[in-house]
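Visitor: Predicted model and sequence below, questions to follow.
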Amino acid sequence: MKPFKTQLRGQDYTVEACKIEGVCDSPGNTGPKFLTIDPPAKGREQLRIILHEALHACYWDLSEDAVHDGSRDIAALLWKMGYRLIAGR
């Protein structure tokens, strides 16, 4: 995945691939902020990881359990609705 910039809850983030499941920098960081996604993850698991890290970026104050449960449930909902990643985007 080629890195790209996005905004989450008013904060600028660079989204990039990493070799671990996922990481999100604190929105309170004064320097550049990164949201990293595991490129080998596929399908519904990749969707869950993306949602998990995006939820951290948007709601840093939520507990890890809340973010985990929310990302799992939202990923399941979107997957059932037919949402899929189109390769190359």
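Guide: Okay, I see it.
Visitor: gap between the residue of the chain most remote from its centre and residue 74?
Guide: In the chain, residue 30 marks the outermost C-alpha relative to the chain mean, sitting 20.1 Å out by Cα atoms, centre = their mean. Residue 30 sits 30 Å away from residue 74, going by Cβ to Cβ, to the nearest Å. (Glycine included, C-beta is placed from N, CA and C.)
Visitor: Likewise for residue 87?
Guide: Counting by Cβ to Cβ - residue 87 and residue 74 are separated by 22 Å.
Visitor: Specify which residue of the two has the higher count of neighbours.
Guide: Shown here are residue 87 and residue 74; by other Cβ atoms under 10 Å, residue 74 has more neighbours (16 against 5).
Visitor: longest strand anywhere in this protein?
Guide: Looking across the chain with DSSP state E, the single longest strand is strand 11-17.
Visitor: List the buried residues in that strand.
Guide: 11, 13, 15 (16 or more other Cβ atoms under 10 Å).
Visitor: Equivalent analysis for stretch 74-89, please.
Guide: For stretch 74-89, a neighbour-count test (16+ other Cβ under 10 Å) marks 74-75 as buried.
Visitor: where do the helices sit along this protein?
Guide: Counting by DSSP state H, the chain has helices at residues 43-58, 64-80.
Visitor: Using CSV, please lay out these together with distance to residue 3 and mean pLDDT.
Guide: Listed next are the helices of the chain as CSV, based on distance: least, Cβ to Cβ, whole Å; pLDDT from 0 to 100:
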stretch, distance to residue 3, mean pLDDT
helix 43-58, 14, 91
helix 64-80, 22, 96
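Visitor: Looking at these, spot the one closest to residue 35.
Guide: Nearest to residue 35 among the helices of the chain is helix 43-58 (5.0 Å), distances taken as Cβ to Cβ.
Visitor: Which strands or helices does the closest one pack on?
Guide: strand 4-8, strand 22-24, strand 34-37, helix 64-80 (3 or more Cβ pairs under 8 Å, 6 or more residues apart in numbering; DSSP states H and E).
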